[in-house]
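Asks: just coords:
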């Protein structure tokens, strides 16, 4: 059971105290710009380009922020049209892989004219070195981790409840300028002798954070040995969540425990079911096993991740509109993604008891409170640390082809 958190300055810090720059979740404004498969996005784009006038308007699904006539700056690092889509859509932009909520990888059309709030400040710092901590929001008695980490651009979608914030690990491209409260690295080095910097703080948060209405609570221990143990545990969690990116190995369960397809998944599987006795996951007539019970029961905000993943791919299609364009069958890549997701959730579930044991130790151990961070000069965080850094060393194309420079 989570410990009661003291109020005010006697409380442990929250993630916002440690990683102060955060960005709100993306708001696409229209569901057809994302999909679990890339081919559907191309088909939707082509149909929208071919349509004209009222029909294009209907397919587009206008909002107050975006219509087919809206001009918008190109997203950082992307070369797309900047004038109204209806006048000149331009070539189809290659879709990008994103993390759609926790643990579900989707594709997105990276055209700013189609997205209500794309959060360009995230795109400016997204590169091969960047990691994003994504808060899952707070649902009382919802259960599950307080945050997750991805190397993909996250949309910050929350399975239930109020979405949390997206916190880049670095404020500038190339792993430059850690997104940490000024003074925090020096304090942690002095207390724990840990030169790991931002990645150590991120690993510790993954291991120790608990959800709360004020954001993830991240206690800081007085004991350096406890800190080192938590950081090591958090790095294991991080390795699993990154799924082999950033130079790591793809997560795998030991031989004999790896899930396999025992009966082919049909083109339109009807229903998802789990038999705990045999460890079999049924997708219609398809069968996957062995599936650990911990993977099936893994939840965020009280929502089972496997059920959410399956539902996004099998919910009834619209009779008309762009979202009606979807795979006719069950793509092979979805099966591969499902097996990997089962593996990721199973491994995270195996790490969960060690995380809970760490949190229980922190409940009874002396730690650094928010008052302690104030006394050390870490809090209050200066306003500049909560704003995005000016990272541009080149022109970005603004609306109607004009150049913009921050």
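Replies: It's in. Everything quoted here is computed from the prediction, not taken from an experiment.
Asks: quick one: pLDDT of residue 406?
Replies: Looking at residue 406, its pLDDT is 43.
Asks: ditto for residue 401
Replies: Looking at residue 401, its pLDDT is 61.
Asks: show me the contacts for residue 373.
Replies: 13, 17, 181, 184, 187, 379 (Cβ atoms under 8 Å, 6 or more residues apart in numbering). All C-beta spots, glycine's among them, are computed from the backbone N, C-alpha and C.
Asks: what about these, which are in strands?
Replies: Of those, none are assigned to strands by DSSP state E.
Asks: let's have those residues in JSON lines, adding neighbour count.
Replies: Formatted as JSON lines, these follow (neighbours: other Cβ atoms under 10 Å):
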{"residue": "13", "neighbour count": "22"}
{"residue": "17", "neighbour count": "22"}
{"residue": "181", "neighbour count": "25"}
{"residue": "184", "neighbour count": "25"}
{"residue": "187", "neighbour count": "17"}
{"residue": "379", "neighbour count": "19"}
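Asks: the bottom helix or strand of this protein by mean pLDDT?
Replies: strand 403-404 (a mean of 47; mean pLDDT, DSSP states H and E).
Asks: re the thing from before, possible to save the contacts of residue 373 as CSV with distance to residue 55 and pLDDT?
Replies: Formatted as CSV, the contacts of residue 373 follow (distance: Cβ to Cβ, whole Å; pLDDT from 0 to 100):
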residue, distance to residue 55, pLDDT
13, 54, 97
17, 51, 98
181, 52, 97
184, 55, 96
187, 60, 95
379, 55, 97
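Asks: hey, what's residue 106 bridged with?
Replies: Taking DSSP bridges as the rule, residue 106 bridges to residue 98.
Asks: give me the number of residues near it?
Replies: Look at residue 106: counted by other Cβ atoms under 10 Å, it has 21 neighbours.
Asks: tell me who's in contact with it.
Replies: Residues in contact with residue 106 (Cβ under 8 Å, 6+ apart) are 34-36, 97-100, 155.
Asks: and the two most separated of those residues?
Replies: Comparing all pairs in the contacts of residue 106 by Cβ to Cβ, the longest separation belongs to 35 and 99, at 14.2 Å.
Asks: neighbour count: the two, which is higher?
Replies: Per other Cβ under 10 Å, whichever of residue 35 and residue 99 has more neighbours is residue 35, with 26 against 23.
Asks: any idea how far residue 154 is from that one?
Replies: According to Cβ to Cβ, to the nearest Å, residue 35 stands 17 Å off from residue 154.
Asks: next: residue 388.
Replies: Using Cβ to Cβ, we find residue 388 at a distance of 16 Å from residue 154.
Asks: which residue of these two possesses the greater neighbour count?
Replies: The residue with more neighbours, out of residue 388 and residue 154 and counting by other Cβ under 10 Å, is residue 154; that gives 25 against 18.
Asks: got the contact list for the nearest residue to that one once chain neighbours are set aside?
Replies: Leaving aside its chain neighbours, residue 154 sits nearest to residue 99 (4.3 Å; criterion: Cβ to Cβ, 6 or more residues apart in numbering). Residue 99 makes contacts with 105-106, 132, 134, 150, 152-155, as judged by Cβ under 8 Å, 6+ apart.
Asks: which of those residues lies closest to residue 170?
Replies: Among the contacts of residue 99, residue 132 lies closest to residue 170 (Cβ to Cβ), at 10.0 Å.
Asks: residue 297 is in contact with residue 348, correct?
Replies: No: with contacts counted by Cβ atoms under 8 Å, residue 348 stays clear of residue 297, the gap being 11.5 Å.
Asks: give me the more crowded residue out of the two.
Replies: Between residue 348 and residue 297, counted using other Cβ under 10 Å, residue 348 has the larger neighbour count: 23 against 15.
Asks: how far away is residue 126 from residue 77?
Replies: Distance of residue 126 to residue 77, given as Cβ to Cβ: 8 Å.
Asks: for residue 233, give me phi and psi.
Replies: Main-chain torsions, residue 233, degrees, to the nearest 10: phi -60, psi -40.
Asks: what number of residues lie near the closest residue to it other than its chain neighbours?
Replies: Take residue 233 and drop its neighbours on the chain: the residue closest to it by Cβ to Cβ, 6+ apart is residue 207, 4.4 Å away. Close neighbours of residue 207, defined as other Cβ under 10 Å, add up to 24.
Asks: the stretch 301-406 of the chain: strands as residue ranges?
Replies: 303-304, 367-368, 396-397, 403-404 (DSSP state E, counting those that start in this stretch).
Asks: list the pairing partners of the second one within its sheet, with orientation.
Replies: By that I understand strand 367-368. strand 220-221 (antiparallel).
Asks: how far does the strand it pairs with sit from the chain's center?
Replies: Offset of strand 220-221 from its chain centre (Cα atoms, centre = their mean, to the nearest Å): 26 Å.
Asks: same check on stretch 279-293?
Replies: Chain-centre distance of stretch 279-293: 26 Å, with Cα atoms, centre = their mean.
Asks: number of residues surrounding the residue nearest to residue 220 when sequence neighbours are not counted?
Replies: Spatial nearest neighbour of residue 220, chain neighbours left out: residue 368 (4.1 Å); criterion: Cβ to Cβ, 6+ apart. By the criterion of other Cβ under 10 Å, residue 368 has 19 neighbours.
Asks: surely residue 368 is in contact with residue 222?
Replies: Yes: if you go by Cβ under 8 Å, residue 368 and residue 222 touch, sitting 6.7 Å apart.
Asks: mind listing the shared neighbours of those two?
Replies: Common neighbours of residue 368 and residue 222, using Cβ under 8 Å, 6+ apart, are residue 191.
Asks: can you pull the phi/psi pair for the residue nearest the centre of the chain?
Replies: Nearest to the mean C-alpha position of the chain, counting by Cα atoms, centre = their mean, stands residue 154 at 4.1 Å. Phi and psi for residue 154, reported as degrees, to the nearest 10, are phi -90, psi 150.
Asks: what residues are up against it?
Replies: Counting by Cβ under 8 Å, 6+ apart, residue 154 makes contact with 25-26, 98-99, 132, 134, 166.
Asks: low-confidence ranges in the stretch 301-406 of the chain?
Replies: Applying pLDDT under 70 to the stretch 301-406 of the chain picks out residues 391-398, 400-406.
Asks: buried ones in the biggest helix by length in the chain, by neighbour count?
Replies: For the chain, the longest helix by residue count, based on DSSP state H, is helix 332-364. Neighbour-count burial for helix 332-364 flags 334-335, 337-349, 351, 355, 358-359, 361-362 (criterion: 16 or more other Cβ atoms under 10 Å).
Asks: good, wrapping up.
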